[in-house]
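Participant: here's my sequence, what's the structure:
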Amino acid sequence: MQSFLLSVVAFIVAIGVLVTIHEFGHYWVAKKMGVKVLRFSIGFGKPLWKKVAGRDQTEFVLAAVPLGGYVKMLDEREGDVDASEVDRAFNRKSVWARIAIVIAGPLANLILAVLVYWLIFIVGITGIAPIVGEPLKDSPAAIAGFQNEDKIVEINGNATPTWNTVYVGLLDGIVSGGGDINIAVDTVDGTTVTRNLVLDKELLNQEGDIVGSIGLGRWWPDVDPVIGGVVPDGAAEAAGLQEGDKVLFSDGVAVSTWSQLVDIIRASADKKLNIVVLRDNSEINLQLTPALRETPAGNIGFIGARETQSQAIADEKLRTVERYPPLTALGMGFKRTMEMISVSVKMIGKLLTGQASLKNTVSGPISIAQFAGQSVSVGIDHYLSFIALVSISLGIFNLFPVPMLDGGHLMYYAVEVVTGKPVSEKIQIFGQQIGIVLLGTLMIFVFYQDILRVFGA
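Facilitator: As a prediction, this is how the structure comes out:
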């Protein structure tokens with residue numbers, strides 16, 4: 001319940017900030033262009049809070065449904081306008097002024113992303129060093145020659161200080177059409193070599209973790225098979241296992257690592273194992289019967305025991321902080337924003353041409369709320385990174401040439417620039433109807449996909 005509430009609050013705060021910035025972009029440029037703004041609303045529906053302020057007595061509103069907002073401007077198409085204020089009506093402004101007002105919303109979201117990344121890189125964002133584990137057999141990573149504990153330092157010349165930057169680099173390679181990419185790695189023996197990884201563009205149509213399907217996974221230390229703790233009433237406790245026990249043998253087979261012990265247990269559901277443990281310098285024989293646990297991948301054995309050594313080792317080796325001086329951080333903020341815009345636009349192109357799976361790449365409010373809750377639970381730096389990413393997505397989405405969105409209005413104005421006259425009101429109304437249908441269909445689809453994800457269908 002607490003996790004659910006955290007996700008909801010984090011989602012509402014993020015959307016509230018992003019919508020406010022978006023609408024402020026429209027509002028600020030409209031004022032600069034001499035347009036009278038009647039209302040600035042965050043949310044839709046019944047007003048929860050209202051304040052009238054400014055020379056134009058603009059209504060500032062906080063409404064009940066926090067999933068959007070709008071700026072209402074003086075416009076002769078929406079009501080009578082006093083003759084003394086006709087020159088301040090939106091529809092009376094030049095086409096270039098209207099373009100500036102409309103594009104200001106999405107542009108404000110993109111500028112926000114740059115500033116948020118700038119702040120993140122000044123303060124520093126914690127991450128995981130991109131050290132890879134043993135690649136999956138016969139996977140593209142294995143074919144490329146990746147080895148256990150390779151540290152990825154560059155992808156196609158771009159530095160990769162964290163796994164997040166590796167994911168962006170690999171995803172960019174996939175959406176750019178696949179093929180060869182050059183990955184520089186620092187090996188265990190201290191040399192720097194280049195691995196040539198071949199990416200299949202069809203990865204975008206696969207379900208699940210796209211990057212994981214390449215065969216690259218995070219390195220994790222393999223430690224001695226020492227019991228760090230047991231779960232009450234579990235199979236481990238029933239067998240007499242105690243904290244500090246080191247497993248030496250299972251059915252006569254020597255056990256040397258924790259991962260080996262896990263593999264034995266997983267393969268032995270409801271099967272009795274004769275194990276030997278070292279306790280206080282004495283060898284003790286125990287009988288252990290792993291319980292059966294059902295998982296999507298099949299039935300596995302489970303004993304209710306954990307190890308506690310690897311986390312400390314991993315924290316020391318994997319934990320990293322990406323931080324830069326203020327001026328460099330600003331450049332990095334701009335670069336990161338442009339990278340995310342590039343990947344997003346390429347992904348949209350793949351979706352429109354049927355080269356990527358829509359259900360794999362589009363998230364709805366439920367998924368976004370879950371991501372918000374997960375990011376804020378990790379740390380404020382990751383939550384800010386989440387806000388920057390969603391701000392970029394919001395800015396790009398609003399530029400789609402779909403009636404009802406800013407991009408739809410820009411499409412009409414582009415026609416006006418070419419033809420020299422506005423698009424007729426009849427066509428605009430028809431376009432709005434199409435836009436409502438398209439956006440409604442999209443919302444139903446993403447909600448449906450969200451529900452499938454939540455219930456694991």
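Participant: need the helices for the stretch 101-250 of the chain, in chain order.
Facilitator: Counting by DSSP state H, counting those that start in this stretch, the stretch 101-250 of the chain has helices at residues 140-143, 163-175, 235-239.
Participant: list the contacts of the first one.
Facilitator: The list of residues contacting helix 140-143 from outside it, by CB atoms under 8 Å, 6 or more residues apart in numbering, reads 132, 135-136, 197-200, 214-216. Just so you know, the C-beta spots here come from the backbone N, C-alpha and C atoms, and that holds for glycine as well.
Participant: same thing but 6 Å
Facilitator: Helix 140-143 is contacted by residues 135, 198, 214-216 when judged by CB atoms under 6 Å, 6 or more residues apart in numbering.
Participant: name the member of the residues you listed with the most neighbours.
Facilitator: Leu216 (26 neighbours; other CB atoms under 10 Å).
Participant: what's the local residue count around the closest residue to that one other than its chain neighbours?
Facilitator: Distances taken as CB to CB, 6 or more residues apart in numbering place Ala141 nearest to Leu216, at 4.7 Å, with adjacent residues excluded. Using other CB under 10 Å, the number of residues around Ala141 comes to 24.
Participant: and Ala141, how far is that from Asp263?
Facilitator: 21 Å (CB to CB, to the nearest Å).
Participant: weakest of the helices of the stretch 101-250 of the chain by average pLDDT?
Facilitator: Looking over the helices of the stretch 101-250 of the chain, mean pLDDT reaches its minimum on helix 163-175, with a mean of 86.
Participant: and what about Arg336, helix, strand or coil?
Facilitator: State at Arg336, reduced to three classes by DSSP: H, G, I helix; E, B strand; the rest coil: helix.
Participant: next, count neighbours for it.
Facilitator: Neighbour tally, Arg336, other CB under 10 Å: 25.
Participant: ok, Gln428 next?
Facilitator: 16.
Participant: what's next to stretch 237-252, contact-wise?
Facilitator: Outside stretch 237-252, the residues touching it (CB under 6 Å, 6+ apart) are 225-227, 229-230, 255, 261, 264, 273-279, 286, 288.
Participant: switch the cut-off to 7 Å
Facilitator: Stretch 237-252 has contacts (CB atoms under 7 Å, 6 or more residues apart in numbering) with 224-231, 254-255, 261, 264, 273-279, 283, 286-288, 304-305.
Participant: quick one, strands of the stretch 301-450 of the chain?
Facilitator: 305-306, 319-322 (DSSP state E, counting those that start in this stretch).
Participant: what would those look like in a markdown table with mean pLDDT, mean neighbour count and distance to Gly178?
Facilitator: Output for those, formatted as a markdown table (pLDDT from 0 to 100; neighbours: other CB atoms under 10 Å; distance: least, CB to CB, whole Å):
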| stretch | mean pLDDT | mean neighbour count | distance to Gly178 |
| --- | --- | --- | --- |
| strand 305-306 | 92 | 20 | 40 |
| strand 319-322 | 89 | 15 | 28 |
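Participant: three-state assignment of Val65?
Facilitator: Quick answer, by three-state DSSP: Val65 is strand.
Participant: residues in contact with it?
Facilitator: Val65 makes contacts with 43-45, as judged by CB under 7 Å, 6+ apart.
Participant: lowest average confidence, helix or strand, in this protein?
Facilitator: When each helix and strand of the chain is scored by mean pLDDT, DSSP states H and E, helix 358-361 comes last, with a mean of 62.
Participant: A strand includes Gly45, no?
Facilitator: Yes - assignment of Gly45 by three-state DSSP places it within a strand.
Participant: you'd agree Leu171 is up against Val343?
Facilitator: Yes - taking contacts as CB atoms under 7 Å, Leu171 lies within contact range of Val343: 5.7 Å.
Participant: any weak-confidence spans in the stretch 201-350 of the chain?
Facilitator: Scanning the stretch 201-350 of the chain for pLDDT under 70 picks out 204-211, 297.
Participant: now with 90?
Facilitator: Within the stretch 201-350 of the chain, the stretches with pLDDT under 90 are 201-222, 259, 293-299, 308-321, 343-350.
Participant: tell me the domain ranges of this protein?
Facilitator: According to automatic domain parsing, the chain comprises the domains 111-124+323-457, 128-216+309-322, 229-307.
Participant: turn those into JSON lines, including distance to Lys31.
Facilitator: Shown next, in JSON lines, are these (distance: least, CB to CB, whole Å):
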{"stretch": "domain 111-124+323-457", "distance to Lys31": "17"}
{"stretch": "domain 128-216+309-322", "distance to Lys31": "37"}
{"stretch": "domain 229-307", "distance to Lys31": "55"}
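Participant: just the buried subset of the contacts of stretch 237-252, written out for PyMOL, thanks.
Facilitator: Provided next is the PyMOL selection string for whichever of the contacts of stretch 237-252 are buried by 16 or more other CB atoms under 10 Å:
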select buried, resi 225+226+227+228+230+255+261+264+273+275+276+277+286+288+304+305
